[in-house]
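# Provided below are the primary sequence and the corresponding predicted coordinates.
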Amino acid sequence: MGGGDSGSSLGPRLGMHVSISGGMDRMAERARDYGCEAVQIFSRSPRGGKARALSAEEVAGARSVLEAADVRPLVVHTPYFANLVAGDKDLRRYAVETVAEDLHRASELGSPYVVTHVGRPAPDLHPEAARELAAESLSSVLRAQGGTGGVILLLENTAGSEREMGASLEDLAGLLGRVEAGFPGRLGVCLDTCHAHAAGYDLSRPAGVRRFIDLALELFGPERVRVVHANDSLAAAGSRLDRHAPVGAGTIGESGFRALLGDPRLRGCPFLVETPGTDEERARDLERLRRLRQAAGGGETAGGEETGR
Ligand SMILES: [Zn+2]
Ligand SMILES: [Zn+2]
């Protein structure tokens, strides 16, 4: 499609979550064929069990296809079963191992980022104790990561449904600060627009979008905000319900997405579509996002190309 840098000069790079069925090399071909400029994957079956070892050919194949098509970055999302604040000690250890392993797999794949949710604490756990537990687990993950290359672990904001941690940007920033002291430069943030909107940061109008980005940059610092999950929301702002809608058709809507895509401060972050369903369905959302990026206008023009507005 737009092809590499001509896309990014008109706004952020756009991509989507792509299935890894058939192997990493097939994933890379699909990402290229759908016109992704960036891509997100699960590094393993999201249903659990032991992760299949990645073969050297598969990894080399994927890396060369992504490089040739200039699809970057490749982002790895940890499986949802990984609950870093689980009440059960064994489950918590399993989550730490899983996230640490994903950091290692990401580095094998040449991916700079692993995105994870913090998790859901037991209902009777005091919020401060939950934060303590989260900081402990995240520190264990980063310690275990050892020398597996400079992959950065991104914490994702959530909708806050079913006690999930990370709905408040202030809380997330507090957690980041606690852990980061021991591991400078190893943590960052992934902003999910559907989750933010559902958590009460109304993104349906440009003013709300501006306020949200102001706050995120103030709390985390621009260098920590690395990835955006570009999802629309089926539920109302502040509903705390995590239900994704097709891009532009939800309660964030086209005006919200135009403001997000047009804000120069997020231009360096890939925008990734995660609408549930098949790759083909997500590709339709990616196409909508592309049209909205064009409508948002960007500021600069790609070499010789007229953009008008
Ligand atoms: Zn996520
Ligand atoms: Zn997300």
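Happy to help now that I have it. Numbering: from 1, shown residues only. Ligands and ions are numbered 1, 2, ... in the order given.

# Now for the residue nearest to residue 78 when sequence neighbours are not counted: which residues touch it?
Nearest residue to residue 78, sequence neighbours excluded (Cβ to Cβ, 6 or more residues apart in numbering): residue 116, at 4.2 Å. C-beta here means a position set from N, CA and C on the backbone, and glycine is covered the same way. By Cβ atoms under 8 Å, 6 or more residues apart in numbering, the contact list for residue 116 reads 77, 78, 82, 84, 99, 102, 153, 154, 155, 156.

# Going by proximity to ligand 2, name the top residue of the stretch 51-200 of the chain.
Closest residue of the stretch 51-200 of the chain to ligand 2, Cβ to the ion: residue 192 (3.6 Å).

# tally of neighbours for the closest residue in space to that residue that isn't next to it in sequence?
Leaving aside its chain neighbours, residue 192 sits nearest to residue 229 (3.8 Å; criterion: Cβ to Cβ, 6+ apart). Using other Cβ atoms under 10 Å, residue 229 has 25 neighbouring residues.

# Over to residue 45?
13.

# can you check residue 77 too?
Quick note: residue 77 (other Cβ under 10 Å) scores 24 neighbours.

# could you say which helix or strand contains the residue nearest to it when sequence neighbours are not counted?
With Cβ to Cβ, 6+ apart as the criterion, residue 77 has its nearest non-adjacent residue at 4.8 Å, and that residue is residue 115. Assigned by DSSP states H and E, residue 115 belongs to strand 113-116.

# How about residue 41?
Counting by DSSP H and E, residue 41 is found in strand 38-42.

# ok and the longest helix belonging to the chain relative to strand 38-42, angle-wise?
What stands out as the longest helix in the chain, according to DSSP state H, is helix 89-109. Calculated by axes from the mean of the first three to the mean of the last three Cα atoms, to 10 degrees, helix 89-109 forms an angle of 140 degrees with strand 38-42.

# count of residues packed around residue 126?
Neighbours of residue 126 using other Cβ under 10 Å come to 9.

# meant to ask about residue 88, not that
With other Cβ under 10 Å as criterion, residue 88 counts 11.

# Go through stretch 202-222 and flag the buried ones.
202, 203, 204, 208, 209, 212, 213, 216, 219, 220 (16 or more other Cβ atoms under 10 Å).

# Keep only those of these that are in helices.
208, 209, 212, 213, 216, 219, 220.

# Quick check: beta-bridge partners of the residue in the stretch 201-309 of the chain that ligand 2 sits nearest to?
Closest residue of the stretch 201-309 of the chain to ligand 2, Cβ to the ion: residue 229 (3.5 Å). Beta-bridge pairing for residue 229 (DSSP bridges): residue 192, residue 272.

# Quick one: residues contacting it.
156, 190, 191, 192, 193, 194, 195, 271, 272, 273, 274.

# how about the residues of this protein near ligand 2?
Proximity of the chain to ligand 2, by Cβ under 5 Å from the ion, involves residues 192, 229.

# can you do 6 Å?
156, 192, 229, 274 (Cβ under 6 Å from the ion).

# Switch those over to TSV; also include pLDDT.
Output for these, formatted as TSV (pLDDT from 0 to 100):
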residue	pLDDT
156	98
192	98
229	98
274	97
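
# excluding its backbone neighbours, what's nearest residue 73?
In space, residue 73 is closest to residue 112, 5.2 Å off (Cβ to Cβ, 6+ apart).

# Please disregard the earlier target; I meant residue 156.
Residue 156's closest residue in space is residue 190 (Cβ to Cβ, 6+ apart), at 4.4 Å.

# doesn't the one you found fall inside a strand?
Yes: assigned with DSSP: H, G, I helix; E, B strand; the rest coil, residue 190 falls within a strand.

# Next, count neighbours for it.
26.

# So it sits against residue 224, correct?
No: using Cβ atoms under 8 Å, residue 190 makes no contact with residue 224, being 10.1 Å away.

# all strands for the stretch 51-200 of the chain, in order.
74-77, 113-116, 152-156, 187-192 (DSSP state E, counting those that start in this stretch).

# between these, which gets nearest to residue 169?
strand 187-192 (8.5 Å; Cβ to Cβ).

# low-scoring stretches of the stretch 1-150 of the chain, by residue?
Applying pLDDT under 70 to the stretch 1-150 of the chain flags the ranges 1-9, 145-149.

# which residues sit in contact with the residue nearest to residue 206 when sequence neighbours are not counted?
Nearest residue to residue 206, sequence neighbours excluded (Cβ to Cβ, 6+ apart): residue 259, at 4.0 Å. Neighbour list for residue 259: 203, 205, 206, 209, 210, 296 [criterion: Cβ under 8 Å, 6+ apart].
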